[in-house]
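Enquirer: need a structure here:
(3 chains)
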Amino acid sequence: MKLRELAAKIDAKPLSDADIEIKGVGGIDSVQEGYLTFIVSKKLIPQLGASAAVAVIVKEPITEIDIPQIAAENPLLAFARALEVFYVQPHRPEGVMSGAAVADSVRLGRDVTVYPMSLLAEGVIVGDRTVVYPGVFVGKGSSIGKDCIIHPNVTIREGVTIGSRVIIHSGTVIGSDGFGYVFSDGRHHKIPQVGGVIVGDEVEIGASVTIDRATTGNTMIGEGTKIDNLVQIGHNVSIGKHCIIVAQVGIGGSTDIGNYVTLAGQVGIADHVQIEDECIVGAKSGVVGRLQKGVYSGIPVMPHFRWLKVRALYERLPELQKKIREIEKKVGSSEKGGRDD
Amino acid sequence: MKLRELAAKIDAKPLSDADIEIKGVGGIDSVQEGYLTFIVSKKLIPQLGASAAVAVIVKEPITEIDIPQIAAENPLLAFARALEVFYVQPHRPEGVMSGAAVADSVRLGRDVTVYPMSLLAEGVIVGDRTVVYPGVFVGKGSSIGKDCIIHPNVTIREGVTIGSRVIIHSGTVIGSDGFGYVFSDGRHHKIPQVGGVIVGDEVEIGASVTIDRATTGNTMIGEGTKIDNLVQIGHNVSIGKHCIIVAQVGIGGSTDIGNYVTLAGQVGIADHVQIEDECIVGAKSGVVGRLQKGVYSGIPVMPHFRWLKVRALYERLPELQKKIREIEKKVGSSEKGGRDD
Amino acid sequence: MKLRELAAKIDAKPLSDADIEIKGVGGIDSVQEGYLTFIVSKKLIPQLGASAAVAVIVKEPITEIDIPQIAAENPLLAFARALEVFYVQPHRPEGVMSGAAVADSVRLGRDVTVYPMSLLAEGVIVGDRTVVYPGVFVGKGSSIGKDCIIHPNVTIREGVTIGSRVIIHSGTVIGSDGFGYVFSDGRHHKIPQVGGVIVGDEVEIGASVTIDRATTGNTMIGEGTKIDNLVQIGHNVSIGKHCIIVAQVGIGGSTDIGNYVTLAGQVGIADHVQIEDECIVGAKSGVVGRLQKGVYSGIPVMPHFRWLKVRALYERLPELQKKIREIEKKVGSSEKGGRDD
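Expert: Residues are numbered from 1 along each chain as shown, chains lettered A, B, ... in the order given. Take a look at the predicted model:
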């Protein structure tokens, strides 16, 4: 494909001759001969020069670059579109393939594909063009919207509602029982988990994620929220729209998370927490109580800027102790037993 | 169902007229028209009043409530039973369904169900009324007791023994090889993992849990223990009875955990740790060595009440440093190089 | 098997009479009547004496032991070999079994086994003697080398290359999409993940591990690296040779890890981190930036020996505060509002 043609498809503007042939698209670490790449920082100009790239997406013209440039308001977005143009092919619908098990009462939209080894139970609804890969289980009465991709070995239990344009990666479980017991007579009695899960449109859920069904009512994942791998979402959790939940985050039961919230990797959120819109929680932090809009870190969290100071002093505790001892020597110390080391 | 009738089934006592019709049962956040709910705190009376509940389970009569009340010693337990009465239907046994693969030497109890896409290998034993959902693998010689529910896409490797009334959620793996190697000649040589796993009666294991088989001997999960999602249990671990292991906990090899122990979310336990009966470990804590009965927090853990103090001072390190500087100014500081910021 | 015969097979040297019959092999905690075991510490002599062991592997002769001893340079390695001799049987090849789905264009080596409920898509290559257990999905054009074991319910997406003598445990997902989005116009736009994953020879990957495919290029796992359960490896990560990655570690995108690196349990590594050869990172630590060869702990990490000191002082913050107050009393405090508790 000519650079000019590709630029047109991704809303980028050629800044020079654009007749060069583009053979592929890659990030700057994986450029091959004839590739288009992108840069968002001038620091990468030397690496770009040393690479086999023949063209580059930039935000504004950069005079130090001697290969053809195309300009886009958001170079990363243009790069994403270029990847799509070059590599993403529409799935050819195959219908219900031999070896799939689809109950009689299942309602399938147009151009659905259900691969072998998958099972759709009674009353399941699947929207147009959705692809269900092998080894998927969809329980009674659950529904999946249009244009979804359900990757291999996903489990969607009964009574789950999935929106449209949702992607669910392999090994993920939606609708497992919430972790709820009553302790009585020396044992934990199970509280039946009879609620459901509702997943909004354009949600993407990573691999081996677990999303528990509600005790009663529904666990909710809002439109456009993106969830990374190995995340745990407890029963009756409500997550708003367009959140980013990074890998291995755990969210306790009945927690309520607003819109545009970012939870970095391995964050833990207790039960019954409230996190307001646009909060950002740093990696490995622990959250209890209620968070107002802001950036937070620590176990449990404090405002991120305070955490930066605290964390720096924490690392310097040996020096702080030394200082205290010096002062102590000067003022003389009469008390006994006051050793601090 | 009339309130009177439902109250009788859940051992609750009507405190007033109980002829009202109950249409469903729900937690106070998910009450719908005609529902029975429960409260355990007077703080929730306003929310109850604003809800569509037509009856409520309480511990003792509450005069401020103007809808019919029924009293139970443990309202949450009564609520759990009410959910069961209303929503939990017995599974209708289906036998070995077409599309399941069951080896000739498998011994099935009465009224077992094995769904399509599941495979039971040679010598497997399955007890009466147990349900094996689709996509389950049970390896050679493993046994599952009576009245178990094995949810879709569970893997039970060879040589695993599962008790009765056990529930295993989707994606969980029982009997994967322990993580054991000997380093020699610049590489890690695998130590064959030839032991098994024994899971006691009434254990519930969440989704995407991993329980490794023992190197030799058995990894053990005691009766009545409840394990949440995404928990890792290493080889040769022994967990006692009626423990609560919350999501994303990791337990290292050969660790020994007593009875009635609670491990909160994302706790990490090292190898060869010993945790005595009734210990409670706070979320995100790390445990090494040996814990006597008590409540612990921190990385590594200390007694919880100490941790509360320490954690409060930690957050106030900037103020502590300021104070030290003030003192220093007063006493005069002659040493050089003693900067602490 | 006679002890003499077993000793010969595991390169150990009988230190006395070796005509005794060995009935099994077990770790000291799981010895049964007639078993061979091993010890690497004299502390275990009493436990050995109390056990039913009839012979023991040692490094050098121990006079206090009164059962037959055999000596090996590395007793644990000899024990591992003894387990193999006693318990590990070669897999009898079964070919493509009825109920497996193998596309026409798949190329299978000699003596491959593909169990029922597994699906190999177009263009897949499987090497000699590799065993694919039930419920496995292998996507278009992926290849698996010789002598691999792919346990039940593993997902290997398209465009993944697996070396030889690789073991992949159940529930693991290789080649799920990397977690990459561009934020624009109030929503997160997916960056297509069109790269692959390359796994070297003799890698072992635990249960329910997730390894994301690269955005472009490849996510790489080097030869001989061993990965425990529930580990998350982000897109474009490169891990070197012979590393040990313990359970529940999370590694962010584009991070570069050298050879012989050890990451203990629940460690979190941010995006774009560089970790040099032979680094060791303690359990639950968090890594940002770049680590030179050394041992590290903390969130974020500092050198381990410093962390030990800091951690000890951290726990003694209440005593440090008390000391400061005592000093303060002595020097007299005139400022107002300087409360620190």
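Enquirer: could you chop chain A up by domain?
Expert: If you go by automatic domain parsing, the domain ranges for chain A are A:3-87, A:95-304.
Enquirer: nearest to chain C, of those domains?
Expert: For the domains of chain A, distance to chain C was read as Cβ to the nearest Cβ. The smallest value, 2.7 Å, belongs to domain A:3-87. All C-beta atoms are positioned from the backbone trio N, CA, C, and that covers glycine.
Enquirer: how long is that closest one end to end?
Expert: Distance between the two ends of domain A:3-87: 16 Å, counting by Cα to Cα, to the nearest Å.
Enquirer: how about it, does it reach chain C?
Expert: Yes - Domain A:3-87 comes into contact with chain C (Cβ under 8 Å from any Cβ of the partner chain), by way of A:25-27, A:29-30, A:74, A:76-77, A:79-80, A:83-84, A:86-87.
Enquirer: now residue A:42: how far from residue A:63?
Expert: Residue A:42 sits at a distance of 11 Å from residue A:63 (criterion: Cβ to Cβ, to the nearest Å).
Enquirer: do the same with residue A:272
Expert: Distance from residue A:272 to residue A:63, by Cβ to Cβ: 57 Å.
Enquirer: over to residue A:18?
Expert: Distance from residue A:18 to residue A:63, by Cβ to Cβ: 18 Å.
Enquirer: also residue A:99?
Expert: Separation of residue A:99 from residue A:63 (Cβ to Cβ): 60 Å.
Enquirer: quick one: which of the two has more around it?
Expert: residue A:99 (19 against 6; other Cβ atoms under 10 Å in any protein chain shown).
Enquirer: mind listing what the more buried one touches?
Expert: By Cβ atoms under 8 Å, 6 or more residues apart in numbering or on different chains, residue A:99 lies in contact with A:116-117, C:101.
Enquirer: let's see if you can find the most crowded of those residues.
Expert: That'd be residue A:117 among those, by other Cβ under 10 Å, with 32 neighbours.
Enquirer: got the phi and psi for that one?
Expert: Phi and psi for residue A:117, reported as degrees, to the nearest 10, are phi 70, psi 10.
Enquirer: tilt between the helix-or-strand element of chain A with minimal mean pLDDT and helix C:317-331?
Expert: Least confident element among the helices and strands of chain A, by mean pLDDT, DSSP states H and E: helix A:317-331 (a mean of 91). When axes from the mean of the first three to the mean of the last three Cα atoms, to 10 degrees is applied, the directions of helix A:317-331 and helix C:317-331 differ by 30 degrees.
Enquirer: touching the helix or strand hosting residue A:311 from outside, list them.
Expert: For residue A:311, the element it lies in under DSSP states H and E is helix A:304-315. Contacts with helix A:304-315, where a contact means Cβ under 8 Å, 6+ apart, come from A:280, A:282, A:294-298, A:301-302, A:320, B:314-315, B:317-318, B:320-321, C:298, C:300, C:302, C:306, C:310, C:314.
Enquirer: and that helix, which residues are buried?
Expert: Neighbour-count burial for helix A:304-315 flags A:304, A:306-307, A:310-311, A:313-314 (criterion: 16 or more other Cβ atoms under 10 Å in any protein chain shown).
Enquirer: and stretch A:101-121, by the same measure?
Expert: Buried residues in stretch A:101-121, defined by neighbour count with 16+ other Cβ under 10 Å: A:101-102, A:106, A:108, A:111-121.
Enquirer: what is the neighbour count of the closest residue to residue A:34 other than its chain neighbours?
Expert: Among residues not flanking residue A:34 along the chain, residue A:23 sits closest, at 3.2 Å (Cβ to Cβ, 6 or more residues apart in numbering or on different chains). Neighbourhood size, residue A:23 [other Cβ under 10 Å]: 14.
Enquirer: same check on residue A:33?
Expert: The number of residues packed near residue A:33 is 10, by other Cβ under 10 Å.
Enquirer: and what of residue A:128?
Expert: 15.
Enquirer: so which helix or strand takes in it?
Expert: Using DSSP H and E, no helix or strand contains residue A:128.
Enquirer: report the contact partners of it.
Expert: Shown in contact with residue A:128 (Cβ under 8 Å, 6+ apart): A:109-112, A:146-147.
Enquirer: got phi/psi on the residue in the stretch 1-150 of chain A that chain B sits nearest to?
Expert: Of all residues in the stretch 1-150 of chain A, residue A:137 sits closest to chain B, at 3.8 Å by Cβ to the nearest Cβ. Main-chain dihedrals, residue A:137, degrees, to the nearest 10: phi -120, psi 130.
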